[in-house]
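K.L.:
coords below, sequence missing:
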Ligand code: 1CP
């Protein structure tokens, strides 16, 4: 059966006038869905799921089929790059991602090389190709990466962290070594994103989950400068120059102007940012994506509907002098979310947002 083509998300991301606000949700495939848990069980573990393109495709499609979201996001993880660099990623049940071989010394940093995207990360590119075929134009496919700072944080800490003692220690004590690390990660990210686009990804998102842990000066030097290199590389490459790029620094609300200065197409906003204020500051230069508090999704359907309306109202009317809004949560949907809430969210945004777009 041929489905109607929905390119609303891509048109919105290019700043074009659209008839309603598109919606997709960070971590839209994942543990809150029983059908995801079933496929993950079938795969045995999370990494096997990521590394088996047909299964990665199946879980990518699950939230599209079930809820009718306006974009699909490649099912993978940001930690595939460090894994391909030899750090040996394992997903410990109840703990989260851990590297068997974290990178802590200058000697270890100097040994790192840029993985070949098709050789070492071919399973990701295969997944992109399989998903594009399966989507058959139904909705666009988003490719993604972690930001260099966020990837370097996991590589040095060896796992998730609250205080970032090791990576910040490296940054303060051996800034040159930190820069060497960030540069090899940046070069890897650029190669990886170009390969994703060549394989079929139609827009790109950079998850800077831990940039907000930095002081403003260190954010500029150790996170934003490397995201700038990524945007520059993509915007000057024949294959990627027209592919929209969204930057998302969690906790980065005070830095929106400098993020917009990179020349990216959109900014992801976490829920602490006032959307109307962000629109006034940078809304004429970049599309804004976000930003409902993900915890609302763990409550009731009426709370979901009310809070979705508050986000739409905060952005307000699409006047033509602003670039526009894409609905999302302010961070990933949590495993405790109710699947019915996702349906309520999608239905609310798709049925109610038209009133904010002039005919
Ligand atoms: O099934 C499981 O138990 C695994 C849970 C899981 C899932 C579903 C992990 C481990 N990763 C993912 C998928 C994932 N990760 C996607 C898929 C697509 C989708 O959105 O549907 C994406 C885009 C990511 C990106 C990701 N991974 C980020 C950036 C975005 C964010 O949430 O800030 C980060 C920081 C990670 C690391 C990671 N991977 C997994 C976990 C539990 C974590 C967080 C670890 C931590 O810091 O504590």
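P.N.:
Now that the structure is in, tell me what you want to look at. This structure is a prediction, so every number in the text was calculated from the model and none was measured.
K.L.:
residues touching the helix or strand encompassing residue 153, excluding its own?
P.N.:
Under the criterion of DSSP states H and E, residue 153 resides in helix 148-157. With contact meaning C-beta atoms under 8 Å, 6 or more residues apart in numbering, helix 148-157 is reached by 78-79, 81-82, 85, 87, 97, 99, 102-104, 145-146, 160-161, 164-167, 170, 178, 181-182, 185-186, 189, 207-211, 213-214, 222-223, 226-227, 230. Just so you know, the C-beta spots here come from the backbone N, C-alpha and C atoms, and that holds for glycine as well.
K.L.:
by contact count, what packs against whichever helix or strand comes after that helix?
P.N.:
Using DSSP H and E, the helix or strand that follows helix 148-157 in sequence is helix 165-173. Judged by 3 or more C-beta pairs under 8 Å, 6 or more residues apart in numbering; DSSP states H and E, helix 165-173 is in contact with helix 148-157, helix 175-199.
K.L.:
which residues are in contact with residue 312?
P.N.:
Residues counted as contacts of residue 312 (C-beta under 8 Å, 6+ apart) are 21, 327, 349, 352-353, 356.
K.L.:
ranking the residues you listed by neighbours, who comes first?
P.N.:
Using other C-beta atoms under 10 Å as the neighbour test, the contacts of residue 312 are led by residue 327, with 27 neighbours.
K.L.:
over to that residue. Which of the three states is it?
P.N.:
Three-state call for residue 327 (DSSP: H, G, I helix; E, B strand; the rest coil): strand.
K.L.:
for it, which non-adjacent residue is spatially closest?
P.N.:
residue 23 (4.0 Å; C-beta to C-beta, 6 or more residues apart in numbering).
K.L.:
residue 301 versus that neighbour, what's the distance?
P.N.:
Going from residue 23 to residue 301 by C-beta to C-beta, to the nearest Å gives 16 Å.
K.L.:
neighbour-wise, which of those two wins?
P.N.:
residue 23 (26 against 15).
K.L.:
and the pLDDT for the more buried one?
P.N.:
pLDDT recorded at residue 23 is 98.
K.L.:
and for the one 10 residues further on?
P.N.:
pLDDT, residue 33: 98.
K.L.:
so which bits of the stretch 201-350 of the chain are right by the ligand?
P.N.:
Neighbours of the ligand within the stretch 201-350 of the chain, by C-beta under 6 Å from any ligand atom: 207, 209, 332.
K.L.:
isn't the last one right up against residue 31?
P.N.:
No: using C-beta atoms under 8 Å, residue 332 is not in contact with residue 31; the gap is 10.4 Å.
K.L.:
neighbour-wise, which of the two wins?
P.N.:
When residue 332 and residue 31 are compared for neighbours, residue 332 comes out ahead with 18 against 15, by other C-beta under 10 Å.
K.L.:
measure the more buried one to residue 349 for me?
P.N.:
Counting by C-beta to C-beta, the gap from residue 332 to residue 349 is 17 Å.
K.L.:
same question for residue 331.
P.N.:
The gap separating residue 331 from residue 349 is 17 Å, by C-beta to C-beta.
K.L.:
returning to what we had before: can you select the buried ones among the contacts of helix 148-157 for me in PyMOL?
P.N.:
Selection command for PyMOL covering only the buried members of the contacts of helix 148-157, criterion 16 or more other C-beta atoms under 10 Å:
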select buried, resi 78+79+81+82+85+87+97+99+102+103+104+145+146+161+164+166+167+170+178+181+182+185+186+189+207+208+209+210+211+213+214+222+223+226+227+230
